[in-house]
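In: Need the 3D shape of this:
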Amino acid sequence: MTFGPVNKKCFLKRTMVMPVFASIVWLSGCSNVSLQQNVRQSSSAVDTVLSRDELGIHLTFFNGQALGGRATGTRGFVFTSAYVSARLNEYGLQPLIPHEFRSLYGTPLHYPITVEFIQYAPDTLRLETGVDFYPDGRTNAGSIRFRSVLWNPDVGTDLSDEVVWIPGDGEADDVLLRLAQRGAQAILIEGPISVRLYDRPISRAQIVRISPLARRILLTTGPLAPGRVQLPFEVELITTVQVMPIGSGQNMSGMVLGANPVLRKELVVVAARLDGFGAVNGVALTDGTDLAVGASALLETARVVAGIQDRIGPYGRTILFAFWSGSLSSHSGMRAFLKHPPWARSAIHSLIYVADAGESTEEVSRLAGDYGMKIHVIGSPPLWIPADFARRAEVFSSYLDGEAVNAALDTARRTLVVLEGAAGERSGI
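Out: Purely as a prediction, here's the structure:
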């Protein structure tokens with residue numbers, strides 16, 4: 001968006017500080033505003049400044065195959081943080097540190113890098129990574145060939161050098177730890193393919209999540225009783241892991257200074273998680289709750305707020321737009337921010353969290369409470385996920401351009417409303 005010369009006659013009819021929605025109407029009707037051609041027409045004043053095109057660009061980048069995912073500490077996240085920093089600079093936000101929107105913190109990093117599941121049969125077949133199986137975040141590295149598995153054994157059984165297959169409801173840390181302590185060399189967890197990171201591996205065992213479809217290929221479609229099950233052919237499982245006892249996490253943040261000389265000393269923090277798995281090896285490793293819908297909405301909100309504040313100044317308090325990493329590993333980025341906030345804790349007026357569509361925010365609320373802060377969550381319901389979402393790149397792309405952009409646009413609208421109450425002269429939060 002570009003702003004033309006201000007219509008001073010129109011400006012003098014209004015006060016210097018006004019509600020955000022009124023500010024948006026003023027920008028639309030009283031100044032020479034050149035709107036982007038592709039912005040959807042709407043009767044809402046907000047839609048004249050929020051851009052579907054910008055949201056689509058963010059979502060496409062955050063979930064692009066070239067990144068290889070956005071997990072904290074990975075190459076993909078480094079590019080993601082550079083993208084966000086460049087955008088914050090483009091929008092005119094001020095960094096907390098001169099010339100640097102990024103801040104670093106130390107955190108343990110444990111990443112399953114690759115896993116191969118190879119069947120040695122007359123017609124050798126590889127199961128598909130991310131669809132049929134994927135390494136669990138608690139896995140160790142290793143390699144093993146096997147021709148049989150123990151289906152759902154008792155944890156008291158001697159499992160020396162065995163491969164154990166368990167249903168997904170038995171994957172609690174203490175259960176897996178006991179299986180590994182009894183000697184299990186590999187643990188296969190049957191259930192939906194999902195990804196979560198952990199600080200450290202469970203000693204010794206390779207741990208892999210495997211789909212019900214893969215079970216039908218390797219075992220049987222019928223019910224199984226606990227005990228040994230022979231496979232129709234030999235299978236090799238190879239897992240590679242990267243472990244960094246103290247790795248480097250990055251948070252990004254940029255400020256829009258408050259217009260009121262007294263209230264600008266108070267800080268309104270509005271944050272979203274930035275990390276996610278995105279697409280890896282041509283497969284969308286996501287259940288639709290880590291597509292960066294919240295981060296995209298927050299970036300677009302930052303653009304709009306910075307533009308409005310520069311021209312009219314309706315926000316009395318200073319607003320900090322924060323993008324946290326580490327949500328996939330116990331919210332390490334949020335923990336680092338709350339432990340060492342950039343502002344005196346007593347001067348933080350409001351803490352707002354812009355959630356991804358369908359993201360569970362119970363841990364976010366609990367963490368804020370642990371640091372004596374109340375958090376206002378802007379959530380949105382889970383997105384509808386196509387059945388072949390993880391298999392076909394064209395479905396994933398059209399999904400981002402449709403459902404995900406719509407969710408981000410709605411989230412950005414509601415974030416603007418909340419900021420009007422939190423950062424204005426009279427706070428509604």
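In: Buried residues, the helix or strand encompassing residue 368. List them.
Out: Take DSSP states H and E as the rule and residue 368 turns out to sit in helix 362-370. Residues 364, 367-368 are the ones in helix 362-370 that count as buried (16 or more other Cβ atoms under 10 Å). Placement of C-beta: from N, CA and C, glycine included.
In: what residue ranges in the protein score low on pLDDT?
Out: 1-48, 113, 121-126, 170, 195, 220-223, 244-246, 278-287, 384-396, 425-429 (pLDDT under 70).
In: Please report phi then psi for residue 335.
Out: Backbone geometry at residue 335, expressed as degrees, to the nearest 10, gives phi -60, psi -40.
In: How about residue 300?
Out: Per degrees, to the nearest 10, the backbone of residue 300 is at phi -70, psi -40.
In: Please report the distance of residue 358 from residue 69.
Out: With distances taken as Cβ to Cβ, to the nearest Å, residue 358 is found 19 Å from residue 69.
In: Now do the one helix or strand residue 297 maps to: distance to the chain's middle.
Out: Assigning secondary structure by DSSP H and E places residue 297 in helix 293-311. Counting by Cα atoms, centre = their mean, to the nearest Å, helix 293-311 is centred 18 Å from the centre of its parent chain.
In: Residue 358 and residue 69: who's more crowded?
Out: residue 69 (24 against 18; other Cβ atoms under 10 Å).
In: and the more buried one, that one's in a helix?
Out: No - if the criterion is DSSP: H, G, I helix; E, B strand; the rest coil, then residue 69 is coil and not within a helix.
In: Would you confirm that it contacts residue 76?
Out: Yes - counting by Cβ atoms under 8 Å, residue 76 is a contact partner of residue 69 at 4.8 Å.
In: just to revisit the earlier point, give the buried residues for the helix holding residue 297.
Out: Those would be 293-309, 311, for helix 293-311 by 16+ other Cβ under 10 Å.
In: Give me the next element, helix or strand, following that helix.
Out: strand 318-324.
In: For the one helix or strand residue 418 maps to, which helices and strands make contact with it?
Out: Taking DSSP H and E as the criterion, residue 418 maps to helix 405-423. Judged by 3 or more Cβ pairs under 8 Å, 6 or more residues apart in numbering; DSSP states H and E, helix 405-423 is in contact with helix 20-29, helix 52-62, strand 267-273, helix 293-311, strand 318-324, strand 348-354, strand 375-378.
In: for the ones you listed, which one sits closest to residue 189?
Out: Across those, the minimum distance to residue 189, taken as Cβ to Cβ, is reached by strand 267-273, at 24.9 Å.
In: hmm, who's touching that closest one?
Out: Strand 267-273 is contacted by residues 290, 292, 294-295, 297-298, 301, 317-325, 327, 331, 333-334, 337, 343, 347-356, 359, 415, 418-419, 422-423 when judged by Cβ atoms under 8 Å, 6 or more residues apart in numbering.
In: Each with direction, which strands does it pair with?
Out: strand 318-324 (parallel), strand 348-354 (parallel) (DSSP bridges).
In: what's the angle between it and helix 293-311?
Out: 150 degrees (axes from the mean of the first three to the mean of the last three Cα atoms, to 10 degrees).
In: And strand 267-273, what's buried?
Out: Judged by neighbour count using 16+ other Cβ under 10 Å, the buried positions of strand 267-273 are 267-273.
In: how about these, which pair is most distant?
Out: Farthest pair in the buried residues of strand 267-273, by Cβ to Cβ: 267 and 273, 19.6 Å.
In: so where do the strands sit in the stretch 51-200 of the chain?
Out: 102-120, 125-126, 133-135, 142-151, 163-167, 186-190 (DSSP state E, counting those that start in this stretch).
In: biggest strand in this structure by residues?
Out: strand 227-256 (DSSP state E).
In: Would you mind getting the angle between that strand and strand 102-120?
Out: 160 degrees.
In: what helices or strands is strand 227-256 leaning on?
Out: helix 75-90, strand 102-120, strand 142-151, strand 206-210, helix 212-218, helix 293-311, strand 318-324, helix 332-339.
In: Need the contact partners of the last one.
Out: Just to be clear, that refers to helix 332-339. 72, 105, 107, 249-251, 271, 273-275, 322, 324-327, 364, 367-368, 370-371, 373.
In: again, 7 Å this time
Out: Contacts of helix 332-339 with the rest of the structure, by Cβ atoms under 7 Å, 6 or more residues apart in numbering, involve 72, 105, 107, 249, 251, 322, 324-327, 364, 367, 371.
In: pull the CA atoms of the helix holding residue 297 into PDB?
Out: This file holds the C-alpha atoms of helix 293-311, laid out as PDB (Å, rounded to 0.1, in the frame of the first residue of the first chain):
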ATOM      1  CA  VAL A 293      -1.500 -18.700  10.000                       C
ATOM      2  CA  GLY A 294      -1.000 -16.800  13.200                       C
ATOM      3  CA  ALA A 295       2.400 -15.500  12.200                       C
ATOM      4  CA  SER A 296       1.200 -14.400   8.800                       C
ATOM      5  CA  ALA A 297      -1.700 -12.600  10.300                       C
ATOM      6  CA  LEU A 298       0.600 -10.900  12.800                       C
ATOM      7  CA  LEU A 299       3.000  -9.800  10.100                       C
ATOM      8  CA  GLU A 300       0.100  -8.300   8.100                       C
ATOM      9  CA  THR A 301      -1.200  -6.600  11.300                       C
ATOM     10  CA  ALA A 302       2.200  -5.100  11.900                       C
ATOM     11  CA  ARG A 303       2.300  -3.600   8.400                       C
ATOM     12  CA  VAL A 304      -1.100  -2.100   8.900                       C
ATOM     13  CA  VAL A 305      -0.500  -0.800  12.400                       C
ATOM     14  CA  ALA A 306       2.800   0.800  11.400                       C
ATOM     15  CA  GLY A 307       1.200   2.600   8.500                       C
ATOM     16  CA  ILE A 308      -1.700   3.900  10.500                       C
ATOM     17  CA  GLN A 309       0.500   4.900  13.500                       C
ATOM     18  CA  ASP A 310       2.900   6.800  11.100                       C
ATOM     19  CA  ARG A 311       0.100   8.900   9.600                       C
END
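In: Can you work out which other helices and strands pack against that helix?
Out: helix 20-29, helix 52-62, helix 75-90, strand 227-256, strand 267-273, strand 318-324, strand 348-354, helix 405-423 (3 or more Cβ pairs under 7 Å, 6 or more residues apart in numbering; DSSP states H and E).
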